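**Student:** predicted model and sequence below, questions to follow.
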Amino acid sequence: MPPVPKPPARFAQLGLLVPPQKIFTLSDGAKIPARLWLASAQPHAILLALHGFNDSRDAWESSAPFFTAHGVTVVAPDQRGFGQAPQRGGWAGTTRMVEDVREEAAQLQQSYPQTPLYLVGESMGGAVLMQLMAQADAPHVAGRILLAPAVWNFGWATDLPLRVLARLFPDSLVTGRELPVHVVASDNIMALARLYYDPLTLRATRLKALQGLVTLMKQAATAAPRLHGSVLCIYGDHDQLVPPTAMVPVWKNMPEGTRLDLILGGHHLLLRDRQGARVMQDMLSWINTPEHWLPSGGDSAVAAWLATGVGEPGAEKQDAPLPILPATLDRLMQQEGP
């Protein structure tokens, strides 16, 4: 793996390694580290928060204080293969990753039997949640929140070559510099700098892990009609990692009653955008008063956005996975600096 870049001295905190405050011990003996943010008072809800591809438990450090100040405890584990979890840099497979979440949720419910549990997933974490929620024996929780879930039913032109390469060269590394595109994942340069310099971030991707992610994204897109329980799905209309042609068909296939929320100007890393407070307020409102309109107006914006025909087949030409974000930040950090 590429070495961890060192931030400028005056931004040394961007490279801080925060030790886990909690360890989940799972049925196969794996130790899963997690960060824990306790509510300032007796919690009225707990969020089990899952990060995205090549990210880590630190994905929630900027948003967690908002929730703790409003009586919500946040528990953010590293997913297997990422952060400091087992198999770092590898791919544990959809089945194992889904089972990890199931076991973590069960342990939290056992520890906090009187406190409602919400499952929250960003990007890849959202795709893992969708796979879990589509199962007949999905855990009974208070709610599920999907933040720009990684859903995309790739065509054969992308899937087949990647499948062949992953079979022939499973441990070969790609970084994203190979792609002739520029992706904006957030409009918050400091959040991107933290992601870039964080020691837990993966800066290169093994082909077998990339193939695993592509498979997971297809599985999640297919699982959309079978989701169980109450769901809030939030998406930004400036998302360049999961384009509308991937998200809109999934939205249309989700069960009736799924709450859809469109954040105008929102990028893929919704909570880390400069307007991330709008997303947090929508999440909190849905947890506290799910029958009310969302503060951002995102639920009413959905219908108008879809009426424009966005997301129709052929609207975008891009049909290649772009999950290897941290490495693609190299040029941005060199040009802009934190």
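**Tutor:** Perfect, thanks for sending it. Numbering: from 1, shown residues only.
**Student:** just the helices from the stretch 101-250 of the chain, written as ranges.
**Tutor:** 124-133, 156-168, 189-197, 207-223, 244-253 (DSSP state H, counting those that start in this stretch).
**Student:** please name whichever of those helices is nearest to residue 306.
**Tutor:** helix 244-253 (6.8 Å; Cβ to Cβ). Quick note: C-beta positions are derived from backbone N, CA and C, even for glycine.
**Student:** which residues touch the closest one?
**Tutor:** 148-149, 151-153, 220-221, 224-225, 233, 235, 237, 239, 258, 260, 302, 306, 310-316 (Cβ atoms under 8 Å, 6 or more residues apart in numbering).
**Student:** just the buried ones from the residues you listed, in ChimeraX syntax?
**Tutor:** Those of these that count as buried under 16 or more other Cβ atoms under 10 Å are selected in ChimeraX with:
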select :148,149,151,152,153,220,221,224,233,235,237,239,258,260,302,306,311
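**Student:** now, the contacts of helix 244-253 that are in strands?
**Tutor:** Judged by DSSP state E, those include 233, 235, 260 as members of strands.
**Student:** tell me what the second one is bridged to.
**Tutor:** To tie it back to what came earlier, the one meant is residue 235. As for beta bridges, residue 235 partners with residue 262 under DSSP bridges.
**Student:** residues contacting it?
**Tutor:** 148, 242, 247, 251, 260-263, 266.
**Student:** what about it, distance to residue 147?
**Tutor:** Residue 235 sits 8 Å away from residue 147, going by Cβ to Cβ, to the nearest Å.
**Student:** what do you get for the last one?
**Tutor:** For residue 260, the distance to residue 147 under the criterion Cβ to Cβ works out to 13 Å.
**Student:** out of the helices of the stretch 101-250 of the chain, which one sits most buried?
**Tutor:** Mean neighbour count (mean count of other Cβ atoms under 10 Å) peaks for helix 124-133 among the helices of the stretch 101-250 of the chain, with a mean of 27.
**Student:** which helices and strands sit right next to it?
**Tutor:** Contacts defined by 3 or more Cβ pairs under 8 Å, 6 or more residues apart in numbering; DSSP states H and E place helix 124-133 against strand 45-50, helix 94-111, strand 117-122, strand 143-147, helix 207-223.
**Student:** of all these, which one is nearest residue 5?
**Tutor:** Of those, nearest to residue 5 by Cβ to Cβ is helix 207-223, at 20.8 Å.
**Student:** residues in contact with the closest one?
**Tutor:** In contact with helix 207-223 (Cβ under 8 Å, 6+ apart) are residues 53, 81, 89-91, 93-94, 97, 124, 126-128, 130-131, 133-134, 149-154, 158-159, 162-163, 165-166, 169-174, 246, 249-250, 321, 323-324.
**Student:** show me what contacts residue 52?
**Tutor:** Here residue 52 is in contact with 59, 122-125, 150, 269, 323 (Cβ under 8 Å, 6+ apart).
**Student:** so it, which state does it fall into?
**Tutor:** coil (DSSP: H, G, I helix; E, B strand; the rest coil).
**Student:** bridging residues for the residue most central in space within the chain?
**Tutor:** Ranked by distance to the mean C-alpha position of the chain (Cα atoms, centre = their mean), the top residue is residue 122 at 1.9 Å. Note on residue 122: beta-bridge partners by DSSP bridges are residue 147.
**Student:** show me the shaky parts of the stretch 101-250 of the chain.
**Tutor:** Low-confidence segments of the stretch 101-250 of the chain, defined by pLDDT under 70: 155-158, 160-162, 176-182.
**Student:** among the helices of the stretch 101-250 of the chain, which comes closest to residue 13?
**Tutor:** helix 189-197 (8.5 Å).
**Student:** quick one: list the elements packing against the closest one.
**Tutor:** helix 325-328, helix 330-336.
**Student:** how many neighbours does residue 308 have?
**Tutor:** 9 (other Cβ atoms under 10 Å).
**Student:** pLDDT at it, what is it?
**Tutor:** On pLDDT, residue 308 comes in at 90.
**Student:** any idea how far residue 112 is from it?
**Tutor:** Look at residue 308 and residue 112: by Cβ to Cβ, they are 43 Å apart.
**Student:** picking that back up, want to throw the helices and strands packed on helix 124-133 into CSV with distance to residue 293?
**Tutor:** Formatted as CSV, the helices and strands packed on helix 124-133 follow (distance: least, Cβ to Cβ, whole Å):
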stretch, distance to residue 293
strand 45-50, 20
helix 94-111, 29
strand 117-122, 19
strand 143-147, 17
helix 207-223, 27
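**Student:** looking at those, spot the one closest to residue 22.
**Tutor:** Once these are compared by Cβ to Cβ, helix 94-111 is nearest, at 9.7 Å.
**Student:** any idea how far residue 210 is from residue 174?
**Tutor:** With Cβ to Cβ as the criterion, residue 174 and residue 210 are 7 Å apart.
**Student:** rewinding a little: distance to residue 279 added to the contacts of residue 52, as CSV?
**Tutor:** Shown next, in CSV, are these (distance: Cβ to Cβ, whole Å):
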residue, distance to residue 279
59, 13
122, 10
123, 13
124, 18
125, 15
150, 17
269, 10
323, 21
